[in-house]
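whatever this is, show me its structure:
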Amino acid sequence: MPSSNPREAGDGPKYFPMTTGGGAPLPFSEAVQLGDVLYVSGQIGNLPGTLTLAPGGIVPESRRALENVRGILERHGASLESVVKCTIFLADIADWKAFNEVYREFFRTNLPARSALGASGLALGARVELECIAHLPSKR
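Below is the predicted model:
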């Protein structure tokens, strides 16, 4: 018998909680799926399972943030090639060029629509944060 609960029936959003290495949930989801669209929460360059930033500044933090996004996408059946939109927050807009050099390592073709802006501060003192929207491939 079909479920009368739309979330169980697949009609509503599906929330995927964000956790740290200690297992304590953070007050947001790492991603939310609505239909064939996956909304990935802003990711900073923290080392996996920790709240510790990759050492070395904008380049290693950018690389780690993009790896974190890739991991979330893959956990939910998508990939970087599925991304249609990214929003980039930089603690210092002067880091835009350095961020772009790393970004190009991850997005080579089918470049997503993108916005970038300078922020007055990011979580944990991060230099960069990015959020993405991805189209999930059809399941056959």
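
need the nearest residue in space to residue 44, chain neighbours excluded.
Take residue 44 and drop its neighbours on the chain: the residue closest to it by Cβ to Cβ, 6 or more residues apart in numbering is residue 126, 3.8 Å away. Yep, even glycine has a C-beta here, placed from its N, CA and C like the rest.

please disregard the earlier target; I meant residue 15.
Per Cβ to Cβ, 6+ apart, closest to residue 15 is residue 29, 4.6 Å.

again, but for residue 133
Closest to residue 133 by Cβ to Cβ, 6+ apart is residue 85, at 4.3 Å.

and the one you found, what does it touch?
112-114, 132-133 (Cβ atoms under 8 Å, 6 or more residues apart in numbering).

element containing it?
strand 83-90 (DSSP states H and E).

low-scoring stretches of this structure, by residue?
Scanning the chain for pLDDT under 70 picks out 1-10, 19-25, 139-140.

what segments of it are strands?
Here the chain has its strands, by DSSP state E, at 14-19, 25-34, 37-44, 83-90, 113-118, 128-135.

kind regards, and thank you for your time.
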